[in-house]
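In: Here's my sequence, what's the structure:
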Amino acid sequence: MTAANPLLLPWAADHGLPPFDALRADHFEPAFDLALREHFAELDAIAARREPPDFDNTVAAFDASGRLLKRLELLFHNLVASESTPALQAAERALAPRLAAHESAVYMHAGVFARVEALHERRGALGLDGESLRLLERVHLDFVRAGARLAPAAQQRYAAIVERLATLYTTFSQNLLADEAGWVLLLEDEADLAGLPDFLRAAAHEAAAKCLEAGKGEKACLEQLRKDCKGVGIGKYCGMKHQH
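Out: Okay, the predicted model is just below:
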């Protein structure tokens, strides 16, 4: 799958942009499968180091881990928020609890936290500059807030709640998007159109004319034009009342 999945190949477009023209929704789950495994393997390697913990082999290494995962998450959530499709939404529902569970596992990784905790306890003696000290303190706080100090049973309960909340939030946001996408504001007469720029009126007229000339009915035209107008139907046919 790696060879056929553009998400797992080098992004060679200008400025390192993703290959948007080659992406499909079904590319994301297998790409995330690999990214999650790689990230956890990086954490295991940090925890397994024989050298005593220091800033570079623990905090900096933790901060640098999961780069493939972060790249995929940024792309995926951007697409879901800006160009969502039913296929992307299905992938989002499948991935939301898994990504939440992974984040919990990251911050409850006992081996990594033990090293971070040891550094944090003697942070004043490490000779760190302000930026490095802040990163150590921030990483340690993230671990603590995510349940690293909880007892095992409490960690399991906390992780289950986080996972469930991720599922509920995804369902809610998708339901909200569906509700908003089905909303239409009909502007029925000239008074309703007051203040709309001429280019918007012209575009609405053109879209309405093409729809009706194609022989589609009023209901089909309105549905199509709702999408074209991003949820605002202007007039009876997404345009001023007009003989076409």
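In: pretty sure Pro19 is in contact with Asn5, am I right?
Out: No. Between Pro19 and Asn5 there is no contact under Cβ atoms under 8 Å: 10.4 Å. Quick note: C-beta positions are derived from backbone N, CA and C, even for glycine.
In: So the two - more neighbours on which side?
Out: Asn5 (17 against 14; other Cβ atoms under 10 Å).
In: pLDDT wise, what is Ala202 at?
Out: Looking at Ala202, its pLDDT is 79.
In: what's the burial count for it?
Out: 11.
In: Kindly list the main-chain dihedrals of it?
Out: Ala202 adopts backbone torsions of phi -60, psi -40, taken as degrees, to the nearest 10.
In: how far away is it from Ala208?
Out: Distance from Ala202 to Ala208, counting by Cβ to Cβ, to the nearest Å: 11 Å.
In: quick one: average confidence on stretch 14-22?
Out: 91.
In: same thing with stretch 118-126?
Out: For stretch 118-126, the per-residue pLDDT averages 96.
In: The residue most central in space within the chain: which element?
Out: Nearest to the mean C-alpha position of the chain, by Cα atoms, centre = their mean, lies His77 at 1.9 Å. His77 belongs to helix 67-82 when assigned by DSSP states H and E.
In: Are there helices or strands packed against that helix, and which ones?
Out: On a contact count with 3 or more Cβ pairs under 8 Å, 6 or more residues apart in numbering; DSSP states H and E, helix 67-82 meets helix 28-47, helix 86-107.
In: what's the closest of these to Asp63?
Out: Each of these has some distance to Asp63 by Cβ to Cβ; the shortest is helix 28-47, at 10.6 Å.
In: in stretch 22-31, what counts as buried?
Out: Leu23, Ala25, His27, Phe28, Ala31 (16 or more other Cβ atoms under 10 Å).
In: ok, now which ones touch the second one?
Out: It refers to Ala25. Thr85, Ala87, Leu88, Ala90, Ala91 (Cβ atoms under 8 Å, 6 or more residues apart in numbering).
In: The closest residue to it other than its chain neighbours - how many residues pack around it?
Out: Using Cβ to Cβ, 6 or more residues apart in numbering and skipping the chain neighbours, the partner closest in space to Ala25 is Ala87 (3.5 Å). Counted with other Cβ under 10 Å, residues neighbouring Ala87 total 12.
In: got it, and the one 5 residues further on?
Out: Glu92 is surrounded by 21 other residues when neighbours are defined as other Cβ under 10 Å.
In: For it, which non-adjacent residue is closest in space?
Out: Using Cβ to Cβ, 6+ apart, the closest residue to Glu92 is Val80 (5.3 Å).
In: What pLDDT does the model give the one you found?
Out: 93.
In: Pull the number of nearby residues for it.
Out: 22.
In: Repeat that for Leu126.
Out: Leu126 is flanked by 14 other residues according to other Cβ under 10 Å.
In: same check, this time on the one 3 residues further on
Out: Around Asp129 there are 9 other residues, counting by other Cβ under 10 Å.
In: so how far is Leu136 from it?
Out: 11 Å.
In: now do Glu190
Out: 65 Å.
In: Which parts of this protein are helices?
Out: 28-47, 61-64, 67-82, 86-107, 110-121, 130-145, 152-181, 198-213, 218-228 (DSSP state H).
In: just checking, what packs against the longest one?
Out: Put plainly, it is helix 152-181. Secondary elements touching helix 152-181 (3+ Cβ pairs under 8 Å, 6+ apart): helix 86-107.
In: Give me the contact list for the helix it packs on.
Out: 24-26, 28-29, 32, 36, 39-40, 43, 66, 69, 73, 76, 79-80, 112-113, 142-143, 146-148, 155, 158-159, 162-167, 169-171, 174.
In: Now it: buried residues?
Out: 88-89, 91-92, 95-97, 99-107.
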